[in-house]
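Asks: below are the sequence and a predicted model; questions follow.
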Amino acid sequence: MDFEYSDEQKLLSETLRKFLNTGYGFDARAKIMAGPAGYSEDVWAVLAEMGILSVPFDAAHGGFGGTTVDMMVVMEAFGEFLVVEPYLATVGLGGRFVARGGSAAQQARILPALIQGKLKMAFAQTERGARYDLRHVASRAVKSGDGWRLDGDKRMVLHGGSADLLVVSARTAGGGHDADGVSLFLVERTAPGVSVTEYRTLDNLRVADVKLAGVSVGADALLGREGGGFDLAEEVVDYATALVCAEAVGAIKYAHDATLEYLKTRRQFGVPIGSFQALQHRMVDILISYEQARSIACLACVKVDTAEAAERRRAVSAAKIKIADACRHVSQEAVQLHGGMGMTEELKISHTFRRLTSIGQAFGDADHHLERFAKLG
Amino acid sequence: MDLNYSPEEVAFRDEVRAWLRDNLPAELRDKVLNYRELGKEELLRWHKILAKKGWVAPFWPKEWGGTDWTVVQRYIFEEECGAAGTPLIVPFGVRMCAPVLLRFGTDAQKQRFLPRIYNGDDFWVQGYSEPGSGSDLASLKTRAVRDGDAYVVTGQKIWTTLGHYGDWIFCLVRTDAKTEKRQDGISFLLVDMTTPGITVRPIVLMDQGHEVNEVFFDEVRVPAENLVHEEGKGWTVAKYLLGYERMGTGNIAVSKRELARVKAMAGPLLDDPRFRDRLTRVEVELMALEITNMRFLDQLRGGRAPGAEMSLLKIKGTEIQQAITELMMQTAGPFAQAFRPVNGETGFDRLTAALVPRYCNVRKATIYAGSNEIQRNIIAKATLGL
C-alpha cells in the first residue's frame, strides 16, 4: 500500500494548477460561462496541448497511459477551479466507452482525434422516468439494411450540445428494465434526425435534450456487443462516478480553504468570527468531511483500476454515498459560515456550492447508491 | 498511490492470522466477543503471550523491542487482532508511559521501566483527571512538595481506568502553585501504587461495571528519581502523551469486527431499508476512516510525534463506535432491554443481554481521552489556526 501521489503525479498537478491559476481565474471563468458555447475552445486546445486530454488513453493512440489515480489528480484540480469544459463527458465517459468497448477501428478513428482536441463526446442515456437506472432504456434501435435505425428521447445529456459524437443507449431487444438487450451506438450529433436542445445547469455547465427520429447509422456504429451495452455502460459510469468523486474532493478543498480564510478575516463584535467556538467546531467538521471524502475517493479511483467488478461496484457506491453526503454537508456549511456573502453570485463559494450540489446528484444520489450498495451485500 | 496489499503484505497478514489462530486462548476470545469483563490476570496473560512473540509494542524503537513494521503492517496486525477477538493491550504502559519514557526519560528510567512494561511485569494506569479538572486538565491541584530526595504527593485523581489493577500510576502533579502560566507548575511523576497513603475507590458506571476509580493520595512519598523530564515541564510531557493516547482511541479494527457482527445479527432487519441505510452509512464512514487512518499514520514515518490529526481519528472513530452500539441494540429489538438475570444465568442469552450495557458503556468513548469537543478545539487551534 502507498498513500501518496507519485512524483510524476505531483508534477502533473503543479503543471495543471499553474495553467489554471493564470488562465482560469474566477473572472476568466465567468466570461467563458457567459459565452455562447459555455466553454472555451482556447482552453480546450491548451488542455489538448498539455496532454490533459490524453491522460487515460493507451500510448498506441497517442495517450499517456495513465491510471485513474492520474485522472484523480486532474479532476481534483478541475474541482478546485470549477472548470466548465466538457472534460468529464469527453474523456471520462465518451473516450472511456471507446477505450473499453470499442473495436480497434473505432478506437483508431476516435481516440487520436479526441486526444488532439478535435473531437468531443457525450453519453446520451437518461430518459424521462429513468432516474439513475442504466437499464431503463426505451429508445429503440432496429436493424435497417447493413446498419441501424434509432428512435428515442434522451434528456439531460451532459455537454450533449457541444459533442461531435454521442454514445447513445438504445434497446435492440427486451423491454422495461431488462439489462439484456441494451446496445450502445456511436451517433454523430449532426446526423439527420438528431435534434438537440441545450440548457444551462444549476452549476453553469451545459446539458442537452437529444431527440433521435429515425436516425440511420452504419453497422460500424455499434459499440461493443449487441444487447450487451448495460455491462459496458455500468463499468464506464462507475469510472465516471469515481472521477466526479475526485472532482468533489477538489471543490470541497476549495470550500474548506475559502471558508477558513473567511473565518479568519471577517470581523464582528470586534473580533474575527473564527474566534467563536460554535463556528470553530463547524469548521472542524468541514475538515473532517474533507479528509473522509478524500480517503473514499482514493479508494474508488484505485478500485476501478484494480478490482473485480463486484468489488469495484461496492467501492464506487460506497464512495458516492460518502461524497454525496460530504458535498451536501460542506457546501451548505460553507455558505452558512460565509453568511449573506455566501449567497451571492459574485463569490466563488456560491458557485462551488452549486457544483457540489450537482455532483451530489450526478450518476446517482446517496439514496441510489445506498440501495445499490445494499444489494451488493 | 496503491490501496491494495502487496504480496508481502498479504503474506504478513496470513502469518499474523495463523499465529493468532494458534495462540489466542479460546476462553479469552469468548470473553471478548461476549463483552465480558477481563480481570487483571487475563489481560496480562494475553500481554505476555504477545511479549513472548515480540509483538506487544510494534511501534517502539527496535532496540527496546519494537518490530520495525511499516504503517501498513501495523494496521494489518491490529485488524487481525480485532477480527480474531483478542483482548485489548492495556494502553497505559505500552502506548502511553513508554513513549514518554523513550522521549523524556533518563537512561536509568528507561532501563528500569521499559523492559518491565514490555514484559507485562507491572500493570500501569493513568493519573490525569481530577474532580475539578476534566477538560481543563491544566487546572489540576494534586500537590507534590519536594522534601529531601522525595516528593510528597497529596490530592485526588478520578476516572482512573483499571486503577484497581494498578501496580504503577503515572501522574500529573502540581509542583509549583505560583507560576504565572498554570501549565508551568506541572510535573510528571511515576508512582508505585503500593506506597503508603494511596487509596483506590471504585466508581460504578451506569452499565453497573467497575472499570474506573478514584485514587486518593495522602502524603505519598515518591522518590525524586521518579520525576520524568524536568520539574515544572510536565505539561510538555502530558501533551506528548495525549497524542499517543488518541492514536489508539479510533478502534477501527474492533469497529470492523463489530460491524460485521451487526450484519450477522440483523437477519431480516437487513431487508428494512431504514435500518439498512443507517448501517451502510456507518460502514462507508468506517471504510473511509480506515484509509484516513493509514494516510495519517503514514505521515508519522520518520518518527514525528502524533499531533492534531490524531484528534480527527479520535472524533470519527468514537462516533462510529457509538453508532455501531446503537445499531446492535436495535438488532436485539425488545430483548435489548434484558440486563441481568435474577436467578442464575440459565436460559439467559448473554450476548443479547450484553448489548445494552455496552451501548451505555461506550458513551464514554466521546468523553474520554479528551472529549470530542476538546478534540475539535485542538484541531481548530493546531490545524486550522483559529
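Replies: Thanks, I have the structure now.
Asks: wasn't residue A:204 part of a helix?
Replies: No: counting by DSSP: H, G, I helix; E, B strand; the rest coil, residue A:204 is not found in a helix; it is coil.
Asks: so for it, what's the pLDDT?
Replies: Per-residue confidence (pLDDT) for residue A:204: 94.
Asks: next one: the nearest residue in space to it that is not next to it in sequence from residue A:341, what distance?
Replies: Excluding the flanking residues, the one nearest residue A:204 by C-beta to C-beta, 6 or more residues apart in numbering or on different chains is residue A:33, at 4.7 Å. Where you see a C-beta, it was placed from the backbone N, CA and C, and this is true even at glycine. Residue A:33 sits 20 Å away from residue A:341, going by C-beta to C-beta, to the nearest Å.
Asks: more neighbours: these two, which one.
Replies: residue A:33 (19 against 14; other C-beta atoms under 10 Å in any protein chain shown).
Asks: show me what from the stretch 151-300 of chain B comes close to chain A.
Replies: B:270, B:273, B:276-277, B:280-281, B:283-285, B:287-292, B:294-295, B:298 (C-beta under 8 Å from any C-beta of the partner chain).
Asks: again, only this time at 6 Å
Replies: Taking C-beta under 6 Å from any C-beta of the partner chain as the measure of proximity, the stretch 151-300 of chain B contacts chain A at B:276, B:277, B:280, B:284, B:287, B:288, B:291, B:292, B:295, B:298.
Asks: longest strand in chain B, please.
Replies: Looking across chain B with DSSP state E, the single longest strand is strand B:210-223.
Asks: list, one by one, the residues from the stretch 201-350 of chain A near chain B.
Replies: A:260, A:274, A:280-281, A:283-284, A:288, A:291-292, A:295-296, A:299, A:302, A:306, A:318, A:321-322.
Asks: any idea how far the most far-flung residue of chain A relative to its centre is from chain B?
Replies: Farthest-out residue of chain A from its mean C-alpha position, per C-alpha atoms, centre = their mean: residue A:270, at 43.6 Å. The spacing between residue A:270 and chain B, counted by C-beta to the nearest C-beta, to the nearest Å, is 16 Å.
Asks: which of the helices and strands in chain B ranks last by mean pLDDT?
Replies: Ranking every helix and strand in chain B by mean pLDDT, DSSP states H and E puts helix B:350-361 at the bottom, with a mean of 83.
Asks: quick check: what element follows that helix along the chain?
Replies: helix B:372-378 (DSSP states H and E).
Asks: give the other helices and strands that that next one contacts.
Replies: Packed against helix B:372-378 by the contact rule (3 or more C-beta pairs under 6 Å, 6 or more residues apart in numbering or on different chains; DSSP states H and E) you find helix B:309-332.
Asks: got the contact list for the helix it packs on?
Replies: When contacts are defined by C-beta atoms under 6 Å, 6 or more residues apart in numbering or on different chains, helix B:309-332 is touched by residues A:288, B:243, B:246-247, B:249-251, B:255, B:258-259, B:262, B:265-266, B:269, B:279, B:282, B:285-286, B:289, B:293, B:296, B:336, B:352, B:355, B:358-359, B:362, B:365-366, B:372, B:375, B:378-379.
Asks: avg pLDDT for that helix?
Replies: Rounded mean pLDDT across helix B:309-332 is 94.
Asks: check stretch B:190-209 too.
Replies: Regarding stretch B:190-209, the rounded mean pLDDT is 96.
Asks: and the contacts of that stretch?
Replies: In contact with stretch B:190-209 (C-beta under 6 Å, 6+ apart) are residues B:163-164, B:166-171, B:210, B:212-216, B:218-220, B:222, B:226, B:357, B:360-361.
Asks: which of these are buried?
Replies: B:163-164, B:166, B:168-171, B:212-216, B:220, B:222, B:226, B:357, B:360-361 (16 or more other C-beta atoms under 10 Å in any protein chain shown).
Asks: picking that back up, now, the residues of the stretch 151-300 of chain B next to chain A that are in helices?
Replies: B:276, B:277, B:280, B:284, B:287, B:288, B:291, B:292, B:295, B:298 (DSSP state H).
Asks: would JSON lines of these with neighbour count and distance to residue B:94 be doable?
Replies: Converted to JSON lines, those look like this (neighbours: other C-beta atoms under 10 Å in any protein chain shown; distance: C-beta to C-beta, whole Å):
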{"residue": "B:276", "neighbour count": "18", "distance to residue B:94": "39"}
{"residue": "B:277", "neighbour count": "17", "distance to residue B:94": "39"}
{"residue": "B:280", "neighbour count": "20", "distance to residue B:94": "35"}
{"residue": "B:284", "neighbour count": "24", "distance to residue B:94": "32"}
{"residue": "B:287", "neighbour count": "22", "distance to residue B:94": "28"}
{"residue": "B:288", "neighbour count": "28", "distance to residue B:94": "28"}
{"residue": "B:291", "neighbour count": "21", "distance to residue B:94": "25"}
{"residue": "B:292", "neighbour count": "27", "distance to residue B:94": "24"}
{"residue": "B:295", "neighbour count": "19", "distance to residue B:94": "24"}
{"residue": "B:298", "neighbour count": "16", "distance to residue B:94": "21"}
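Asks: CSV for those, including pLDDT and distance to residue A:12?
Replies: Converted to CSV, these look like this (pLDDT from 0 to 100; distance: C-beta to C-beta, whole Å):
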residue, pLDDT, distance to residue A:12
B:276, 96, 40
B:277, 97, 38
B:280, 97, 34
B:284, 98, 29
B:287, 97, 27
B:288, 98, 25
B:291, 95, 22
B:292, 95, 24
B:295, 91, 20
B:298, 84, 21
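Asks: off-centre distance for stretch A:259-266?
Replies: Offset of stretch A:259-266 from its chain centre (C-alpha atoms, centre = their mean, to the nearest Å): 30 Å.
Asks: name the residues of it that are buried.
Replies: Result for stretch A:259-266 [16+ other C-beta under 10 Å]: buried residues A:259, A:260, A:262, A:263.
Asks: adding pLDDT and secondary structure, write those out as TSV.
Replies: Converted to TSV, the buried residues of stretch A:259-266 look like this (pLDDT from 0 to 100; DSSP: H, G, I helix; E, B strand; the rest coil):
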residue	pLDDT	secondary structure
A:259	98	helix
A:260	98	helix
A:262	98	helix
A:263	98	helix
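Asks: and these, which is closest to residue A:166?
Replies: residue A:259 (38.8 Å; C-beta to C-beta).
Asks: pull the number of nearby residues for residue A:254.
Replies: Residue A:254 - counted by other C-beta under 10 Å - has 21 other residues nearby.
Asks: next: residue B:56.
Replies: Count around residue B:56 with other C-beta under 10 Å applied: 23.
Asks: now the residue nearest to it when sequence neighbours are not counted: how far from chain A?
Replies: Nearest non-adjacent residue to residue B:56, counting by C-beta to C-beta, 6+ apart: residue B:50, 4.1 Å away. Residue B:50 is 24 Å from chain A, where distance means C-beta to the nearest C-beta.
Asks: how near is the residue most central in space within chain A to residue A:11?
Replies: Centroid-nearest residue in chain A, with C-alpha atoms, centre = their mean: residue A:88, separated by 4.2 Å. Between residue A:88 and residue A:11 the computed distance is 23 Å (C-beta to C-beta).
Asks: over to residue B:168?
Replies: Residue B:168 is 52 Å from residue A:11, by C-beta to C-beta.
Asks: check residue B:20 too.
Replies: For residue B:20 relative to residue A:11 (C-beta to C-beta), the value is 43 Å.
Asks: who has more neighbours out of those two?
Replies: Ranked by neighbour count (other C-beta under 10 Å), residue B:20 and residue A:11 place residue B:20 first, with 20 against 12.
Asks: no further questions, thank you.
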